[in-house]
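Asker: What shape does this take:
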Amino acid sequence: MPKAKVYVYLKEGILDPQGKAVHRILKNMNFDQVGDVRVGKFITLDFENNLPDAEIGSQADEICRKLLANPVIEDYHFDIE
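Answerer: Numbers count the residues shown, from 1 in each chain. Now for the predicted structure:
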């Protein structure tokens, strides 16, 4: 079954309080080598077997634009498998 693996993340320059909290905890746990943390979303979309990759890509992009990502503060990309 073909899948689109979608990654949604905050745009550069947008404050990521969840990422900052994780980073602070990592520092407290002595993981000093971690320079920065950004938190995002990972979504898997399963498609019907008979759809060509071009159609899966088109639908995945539309789903991201209309539902999964807030275009004001988030970017996204996806991989088709």
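Asker: pLDDT weak spots in the chain?
Answerer: Applying pLDDT under 70 to the chain flags no residue at all.
Asker: can you give me the strands for it?
Answerer: According to DSSP state E, the chain carries its strands in the segments 3-10, 41-46, 74-80.
Asker: winner for burial among these?
Answerer: Highest mean neighbour count among the strands of the chain (mean count of other Cβ atoms under 10 Å): strand 3-10, with a mean of 17. C-beta coordinates here come from the backbone N, C-alpha and C atoms, glycine included.
Asker: Please name every helix or strand in contact with it.
Answerer: Contact analysis of strand 3-10 by 3 or more Cβ pairs under 8 Å, 6 or more residues apart in numbering; DSSP states H and E lists strand 41-46, helix 53-63, strand 74-80 as its packing neighbours.
Asker: if we can go back for a sec, want to throw the strands of the chain into CSV with distance to G19?
Answerer: Shown next, in CSV, are the strands of the chain (distance: least, Cβ to Cβ, whole Å):
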stretch, distance to G19
strand 3-10, 8
strand 41-46, 13
strand 74-80, 13
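Asker: how about those strands, which one is nearest I63?
Answerer: strand 41-46 (6.7 Å; Cβ to Cβ).
Asker: contact partners of that closest one?
Answerer: M1, P2, K3, A4, K5, V6, Y7, V8, Y9, A60, I63, L68 (Cβ atoms under 8 Å, 6 or more residues apart in numbering).
Asker: For these, which two are the farthest from each other?
Answerer: Of all pairs in these, the most separated under Cβ to Cβ is M1 and Y9 at 25.5 Å.
Asker: how about stretch 45-54: buried residues?
Answerer: L45, F47 (16 or more other Cβ atoms under 10 Å).
Asker: number of nearby residues for V72?
Answerer: For V72, the count of nearby residues is 7 (other Cβ atoms under 10 Å).
Asker: how close does it get to A60?
Answerer: 20 Å (Cβ to Cβ, to the nearest Å).
Asker: same check, this time on P71
Answerer: Taking Cβ to Cβ, one finds P71 at 15 Å from A60.
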